[in-house]
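[1] 3D model of this:
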Amino acid sequence: MVIGIGGASRSGKSSLARQLAAEYKAAGKSVLVLDQDDFAFPEADLPRIRDRADWDQPASMDFRRLQEHIWAAWARYEVVLVEGILVFYDPEVNALFDRRIFLEFDKARFWERRKQETRWGEEPDWYLEHVWEAHLKYGRRNFENGRFPIEIRDSK
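    Below is the predicted model of the structure:
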């Protein structure tokens, strides 16, 4: 089984993937988690927005390599979890998922969580706005068209 987990930046995709992996492993299943971030092109080759690398648009991702890794993992593991902000964007990658989970939360929650993020230093408001808009444009597009059977709303 291949499960895709999508949602905005800081929506809990990685946490959910780790939790599901632990539960499947406890049930005796072999599990692999693939993080979409591991399939981004090198930073020097990424599109730019002002002075920053633009990780939030499809041109930043090597979807063919992700697809190859999903196929290879599918042959070796009983459960493959694939998580990322653009995980549902590519139709060929999207078609590989047996189940799809989209973590939904509002813009205020996104801003709150991103402002707590420290990995990239302080991020300007214009950049956070860009990340949110990219999520709406690329990450949610198929979700908005009713392609995803599961929606989880953040209740916090």
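[2] Extract the C-alpha set from stretch 45-65 and format it as CSV.
    Extracted C-alpha coordinates of stretch 45-65, given in CSV (Å, rounded to 0.1, in the frame of the first residue of the first chain):
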residue,chain,number,x,y,z
ASP,A,45,19.2,24.8,-9.5
LEU,A,46,16.0,25.9,-7.8
PRO,A,47,13.8,28.7,-9.1
ARG,A,48,14.3,32.0,-7.2
ILE,A,49,11.9,34.4,-5.7
ARG,A,50,13.6,37.7,-4.9
ASP,A,51,16.8,36.6,-3.0
ARG,A,52,15.5,33.2,-1.9
ALA,A,53,15.3,29.7,-3.3
ASP,A,54,11.7,28.8,-4.1
TRP,A,55,11.1,25.4,-2.6
ASP,A,56,7.3,25.8,-2.9
GLN,A,57,6.7,25.4,-6.6
PRO,A,58,6.7,22.2,-8.8
ALA,A,59,9.8,23.3,-10.7
SER,A,60,11.8,22.7,-7.5
MET,A,61,11.0,19.0,-7.4
ASP,A,62,12.4,16.0,-9.3
PHE,A,63,9.1,14.1,-9.6
ARG,A,64,10.6,11.5,-11.9
ARG,A,65,13.1,10.5,-9.2
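[3] Could you pull out the buried residues of it?
    The neighbour-count check on stretch 45-65 (16 or more other Cβ atoms under 10 Å) flags Leu46, Ile49, Ala53, Asp54, Trp55, Asp56, Gln57, Ser60, Met61, Asp62, Phe63 as buried. Where C-beta positions appear, they are placed from N, C-alpha and C, glycine not excepted.
[4] same question, stretch 13-23
    With the criterion 16+ other Cβ under 10 Å, stretch 13-23 contains buried residues Lys13, Ser14, Leu16, Ala17, Leu20, Ala21.
[5] now Leu103: how far from Ser9?
    Distance of Leu103 to Ser9, given as Cβ to Cβ, to the nearest Å: 11 Å.
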